[in-house]
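Undergrad: need a structure here:
(chains A and B)
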Amino acid sequence: GESVGLHLPTLSVQEGDNSIINCAYSNSASDYFIWYKQESGKGPQFIIDIRSNMDKRQGQRVTVLLNKTVKHLSLQIAATQPGDSAVYFCAETGSNDYKLSFGAGTTVTVRA
Amino acid sequence: NAGVMQNPRHLVRRRGQEARLRCSPMKGHSHVYWYRQLPEEGLKFMVYLQKENIIDESGMPKERFSAEFPKEGPSILRIQQVVRGDSAAYFCASSPQPLQNMNTEAFFGQGTRLTVV
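TA: Take a look at the predicted model:
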């Protein structure tokens, strides 16, 4: 697959504030996007996904926004908590593909 | 329903030895994916297998690496004659259907951290 990348490698956020993590992708054929959270020493954990026929999807405290025009994906975390400290990856795949392409990851650090 | 189980969690091998990494997918999942993660990097696709079949091994190095997913038992990622550059975290994921299907999610294991000394 083509590259999937993140705009910022690190993000420091005050506890209780909202976090926004951005991701750019270059494969115009991508139609399924996933955000994963990876804590130190653990495997990636599914947070939320979105298909290309949607531009917004909400979960518990998280919202994913998809802008297909500029090939941009974002993850918003409301009321960030210390437990949200982790590395966040966006991943994408196409309708004729089955392997996920991961970005490099954004490290989120929550300040108390 | 147990999640994806990988073992061992940590594996130390000397250069030239063989490393065998095991992955038991979630119950009912017949699709297995192996990924490699170097420090401070994202996960890189290695191989996609279904029961008894390798579907795509385009991310696997041509030499020394092999994978299998037998009819019975876990999926195995085998690295022969390991070198220091093989040191990484190896993650396995499984899904009940191919990822391109609607409403299909891939679940990851905790990974095996291979250190080659």
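Undergrad: Name the residues linked to B:Leu77 by a beta bridge.
TA: B:Leu21, B:Ala67 (DSSP bridges).
Undergrad: list the contacts for it?
TA: Residues near B:Leu77 by C-beta atoms under 8 Å, 6 or more residues apart in numbering or on different chains: B:20-21, B:23, B:34, B:46-47, B:65-67, B:90, B:92. In this view, the C-beta of every residue, glycine as well, is placed from N, C-alpha and C.
Undergrad: Just the element for the most centrally placed residue in chain B, please.
TA: Centroid-nearest residue in chain B, with C-alpha atoms, centre = their mean: B:Trp34, separated by 3.2 Å. Using DSSP states H and E, the element containing B:Trp34 is strand B:31-37.
Undergrad: what sits up against the next helix-or-strand element following that strand?
TA: Using DSSP H and E, the next helix or strand after strand B:31-37 towards the C-terminus is strand B:43-50. For strand B:43-50, contacts defined as C-beta under 8 Å, 6+ apart pick out A:1, A:44, A:89, A:91, A:98-102, B:30-38, B:54-60, B:65, B:67-69, B:75, B:77, B:90-91.
Undergrad: For PyMOL, what selects the buried ones among those?
TA: To isolate the buried members of the contacts of strand B:43-50 in PyMOL, using 16 or more other C-beta atoms under 10 Å in any protein chain shown:
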select buried, (chain A and resi 1+44+89+91+98+99+100+101+102) or (chain B and resi 30+31+32+33+34+35+36+37+55+57+59+60+65+67+68+69+75+77+90+91)
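Undergrad: quick one: the residue nearest to the centre of chain B and B:Ser94 touch, right?
TA: No - taking C-beta atoms under 8 Å as the definition, B:Trp34 is not a contact partner of B:Ser94, at 10.5 Å.
Undergrad: list the residues that contact both of these two?
TA: Applying C-beta under 8 Å, 6+ apart, one finds that B:Trp34 and B:Ser94 are jointly contacted by B:Cys23.
Undergrad: Check the burial of the residue lying closest to B:His31 once chain neighbours are set aside by counting its neighbours.
TA: Once flanking residues are discounted, B:His31 sits nearest to B:Ser95: 4.6 Å by C-beta to C-beta, 6 or more residues apart in numbering or on different chains. Neighbour count of B:Ser95, defined by other C-beta atoms under 10 Å in any protein chain shown: 21.
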